[in-house]
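1. Give me coordinates for this.
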Amino acid sequence: MAKIGDYKISDIYQGGYSSLKPNYGTLFTNYRDDVSNIGLGTDARTANVLQEVSSKMSTGAKTIELNQVFPEVFNSIPNEQLEEVRRVSKLTGTDITFHAPIVGLDPSGMDKQGNFSESQREAVEREMINTIERAQVIKPKGGLPIVFHAAEGVPETYPGKTPEEDRAVFVVNTENNSLAKLPLKRREFTGGKEPNVNEELSKINKDSWTQNLQNLAYYADFGEQLIKNSELMKKYTEAEQKLGKPIADVQKESLRSYDRGVAHLQDSYRRLGDFYETAYKHASLEDKKKLIEFRDANKDKIEQIGKDGNVNALKNVVDEGFNLLSNIKHPPEIFKTANQFVEEKATKTFGNVAFEAYKKFGDKAPIIAIENSYAGGAFSTGEGLKKVIEGSRKEFIKNAIEEGLSKSEAKDQAEKIIGATWDTGRINTLRKHGFEEEDIIKETEKIAPFVKHVHLSDNFGMEATEIPMGMGNVPVKEIMEKLGKEGYEGKKVIEAMHWWQHFKTPPLQQTFEAFGSPIYSDGVGPYWNQTLGFQQGYYGGYGMMLPGGHYQQFGGGFSMASLPIELGGQMPGAQGSRMSGKGME
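-> As a prediction, the model looks like this:
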């Protein structure tokens, strides 16, 4: 016997009184959400999306995400299939969301080998725009969430969460767009101060700039010295040559030495031009003004150098340029963290793509929902993803104002169109880098105002696995509460690839149990987390639970052996089934 309040309930069936306990169940996360807000994703490996969508609809899911992770699969889908998906979703009242293909390049234009080019970035931009134009067919009235990954393969490190000997940050040389790893070691010489990313980056930029200028000055001085040492001999030799006299070896070497000096000086002059361009690109307004004054003051001299190769004028320009570049207030930021560099390029891509979608579809444009990366990739934190979204919105606003929109209207549209997809499983993988549960929740709080779409997956924080909610250690209740109203009302799509792979069943029931979803549409109990404890539940995933003498003991008056399972019996396909063509026994 079990006592609940003033009631005593006999434990006749498995689970007994549990159907009266709203928080019953091993999967229940203590966070409730409605069934209509929870959706399934399609199999990304097939182009037969109409069949996939139909099969997911048969589970009862009211939201379905069209997963098109592989570009070759997406490009195999006829437009007619997408049109049919639109029709069937409208007919059944099913909401569709869309996961865009992964094109093999980062949205910034950087490939997996760490190489960047602007042409690669523009290629990604074109791919994304093409995806949007095709996906818009599914929901032409607007509001279709299209999920794009924030980053693809660009690494990220967590200096504050890793052992000292492993601390490092990936940096990009913006002059040649190469990727390198910058160790962050504690410097005992300076008192054992803990390494700081910004300080280390500032130091490497300053040291690199100083070294470049020193090399410039060294080779300019070396060239000048060679010229001076061989200038008299050069004149003497040239005079001898005019008289037709033979030239001694020492005279020939003197001529070669003079030519080498001129070559060094000319090379220094060319390098000065390169350094000037670098300084100008990164300069503050104050430094840029000085650079322009130098260029204008030496314009005539530079033009004359080009005409007659005057080595003295050449050396004077190099010396003046060296002094100027050595004294600019802020050395150029040639090295940036990979995150900084990728953020600048990716926000340009997302901003441009979103504005192109707005230009084409106006108020009916889809939502660009940028998804956080797994741990180890750029923008895997709430703070990182927030910066990408803010930067993308700024890029959108800039483009929109140039096209004639008011600033307020551009801002409203940017906030409407560009937002985040928050993946609960991806953020949880930060645990393997030393993040604790409270860190995961804090990162969610940072991104909450930007969230427009949610991916539901659970794991244990160590690997990027995807299992149903409630089966791992994702703090889903706390995450959903931090997402607030947007998190509660927004569409949430289950991503449980590894559950599908190993258990071959839809993860809907498990997710409904984890979220304690109401079984009936009125929104009150009973809930899915109580199903195993229902008094009328003969089966709960544990085989046949019905007591053998049930009908005889309680007056059923017939044998269970000949009764079909669907009526509580023991015989699959037994005679007496309503579909057997025989009368009930």
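
2. which residues in the stretch 151-300 of the chain form helices?
-> 197-242, 249-282, 285-297, 299-308 (DSSP state H, counting those that start in this stretch).

3. To F515, which of these lies closest?
-> Smallest distance to F515 across those (CB to CB): 39.2 Å, for helix 197-242. (Glycine included, C-beta is placed from N, CA and C.)

4. And the nearest residue to K452 once chain neighbours are set aside, how close does it get to K386?
-> Nearest residue to K452, sequence neighbours excluded (CB to CB, 6 or more residues apart in numbering): G419, at 3.5 Å. Look at G419 and K386: by CB to CB, to the nearest Å, they are 11 Å apart.

5. Count the neighbours of the spatially closest residue to N67 that is not a sequence neighbour for me.
-> Spatial nearest neighbour of N67, chain neighbours left out: A44 (4.0 Å); criterion: CB to CB, 6+ apart. By other CB atoms under 10 Å, 19 other residues sit near A44.

6. so A44 makes contact with F70?
-> Yes: between A44 and F70 there is a contact under CB atoms under 8 Å: 5.9 Å.

7. picking that back up, relative to the helix or strand hosting the residue nearest to K452, what are the paired strands and their orientations?
-> Using DSSP states H and E, G419 maps to strand 418-423. Strand 418-423 pairs in its sheet with strand 367-371 (parallel), strand 451-456 (parallel), by DSSP bridges.

8. Among these, show me which one is buried the most.
-> Among these, strand 367-371 has the highest mean neighbour count (mean count of other CB atoms under 10 Å), at a mean of 25.

9. low-scoring pLDDT stretches of the stretch 1-150 of the chain, where are they?
-> Counting by pLDDT under 70, the stretch 1-150 of the chain has low-confidence residues at 1-20.

10. ranges for the strands of it?
-> 2-4, 7-9, 38-41, 63-67, 95-99, 145-149 (DSSP state E, counting those that start in this stretch).

11. With H498 as the reference, name the closest of those.
-> strand 38-41 (13.0 Å).

12. outside of that closest one, which residues touch it?
-> 56, 59, 61-67, 95, 97, 99, 456, 491-495, 506-508, 511-512, 515, 517 (CB atoms under 8 Å, 6 or more residues apart in numbering).

13. could you redo the last one with a cut-off of 6 Å?
-> Strand 38-41 is contacted by residues 56, 61, 63-65, 67, 492-494, 511 when judged by CB atoms under 6 Å, 6 or more residues apart in numbering.

14. Of all pairs in those residues, which one is the farthest apart?
-> Pairwise over the contacts of strand 38-41, using CB to CB, the maximum falls at N67 and T511, 16.6 Å.

15. Need the residue closest to the centroid of this protein.
-> Central residue of the chain (CA atoms, centre = their mean): A150, 2.2 Å from the mean position.

16. need the strands of the stretch 1-150 of the chain in a markdown table with mean neighbour count and distance to S373, can you?
-> Shown next, in a markdown table, are the strands of the stretch 1-150 of the chain (neighbours: other CB atoms under 10 Å; distance: least, CB to CB, whole Å):
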| stretch | mean neighbour count | distance to S373 |
| --- | --- | --- |
| strand 2-4 | 11 | 47 |
| strand 7-9 | 11 | 50 |
| strand 38-41 | 24 | 18 |
| strand 63-67 | 25 | 17 |
| strand 95-99 | 24 | 15 |
| strand 145-149 | 25 | 7 |
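
17. Kindly give the local confidence score, pLDDT, for K245.
-> For K245, the model assigns a pLDDT of 82.

18. and the angle from the strand holding G419 to strand 95-99?
-> If you take axes from the mean of the first three to the mean of the last three CA atoms, to 10 degrees, strand 418-423 sits at 90 degrees to strand 95-99.

19. any idea how far the following helix or strand past strand 418-423 is from the chain center?
-> Remark: after strand 418-423, the chain's next helix or strand is helix 424-428, criterion DSSP H and E. Computed by CA atoms, centre = their mean, to the nearest Å, the separation of helix 424-428 from the middle of its chain amounts to 12 Å.

20. and what of stretch 407-422?
-> Centre-to-centre, stretch 407-422 and its host chain are 18 Å apart (CA atoms, centre = their mean).

21. Could you check it and say which residues are buried?
-> 410-411, 413-414, 416-422 (16 or more other CB atoms under 10 Å).

22. Next, format the residues you listed as CSV and append distance to G114 and pLDDT.
-> What follows is the buried residues of stretch 407-422, written out as CSV (distance: CB to CB, whole Å; pLDDT from 0 to 100):
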residue, distance to G114, pLDDT
A410, 34, 97
K411, 35, 97
Q413, 35, 97
A414, 30, 97
K416, 35, 96
I417, 31, 97
I418, 27, 98
G419, 29, 96
A420, 26, 96
T421, 26, 96
W422, 27, 96
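
23. Including distance to A279, could those go into CSV?
-> Shown next, in CSV, are those (distance: CB to CB, whole Å):
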residue, distance to A279
A410, 33
K411, 34
Q413, 37
A414, 33
K416, 40
I417, 37
I418, 34
G419, 38
A420, 37
T421, 40
W422, 41
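
24. Check the spacing between D458 and G41 real quick.
-> 15 Å.

25. Is I38 bridged to anything, and to what?
-> K492.

26. H455 versus that one, what's the distance?
-> Per CB to CB, I38 is found 11 Å from H455.

27. Now for the residue nearest to A263 when sequence neighbours are not counted: which residues touch it?
-> Closest residue to A263 apart from its sequence neighbours, by CB to CB, 6+ apart: G223 at 7.2 Å. Counting by CB under 6 Å, 6+ apart, G223 touches 261, 264-265.

28. and what of G321?
-> By CB under 6 Å, 6+ apart, the residues touching G321 are L272.

29. For it, what is the enclosing helix or strand?
-> Element membership for G321, per DSSP H and E: helix 311-326.

30. where does that helix sit relative to the chain's centre, distance-wise?
-> Averaging C-alpha positions (CA atoms, centre = their mean) puts helix 311-326 46 Å from its chain's average.

31. and if you look at stretch 121-130?
-> When C-alpha coordinates are averaged (CA atoms, centre = their mean), stretch 121-130 and its chain have centres 16 Å apart.

32. now the strands: where do they sit in the stretch 451-585 of the chain?
-> For the stretch 451-585 of the chain, strands defined by DSSP E, counting those that start in this stretch occupy the ranges 451-456, 492-494.

33. Switch these over to JSON lines; also include distance to P526 and mean pLDDT.
-> Formatted as JSON lines, the strands of the stretch 451-585 of the chain follow (distance: least, CB to CB, whole Å; pLDDT from 0 to 100):
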{"stretch": "strand 451-456", "distance to P526": "22", "mean pLDDT": "95"}
{"stretch": "strand 492-494", "distance to P526": "22", "mean pLDDT": "94"}
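
34. In TSV: these, plus distance to K289.
-> Listed next are the strands of the stretch 451-585 of the chain as TSV, based on distance: least, CB to CB, whole Å:
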stretch	distance to K289
strand 451-456	44
strand 492-494	53
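
35. for the ones you listed, which one sits closest to P475?
-> P475 lies closest, by CB to CB, to one member of the strands of the stretch 451-585 of the chain: strand 451-456, at 13.0 Å.

36. So what's the gap between that closest one and the chain middle?
-> 13 Å.

37. isn't the residue nearest to the centre of the chain right up against T381?
-> No: contact criterion CB atoms under 6 Å: A150 and T381 do not qualify, at 10.5 Å.

38. Run through the stretch 451-585 of the chain and note the low-pLDDT ranges.
-> Within the stretch 451-585 of the chain, the stretches with pLDDT under 70 are 486-490, 532-585.

39. Domain map for the chain?
-> If you go by automatic domain parsing, the domain ranges for the chain are 1-28+516-535, 33-157+337-503, 200-333, 544-585.
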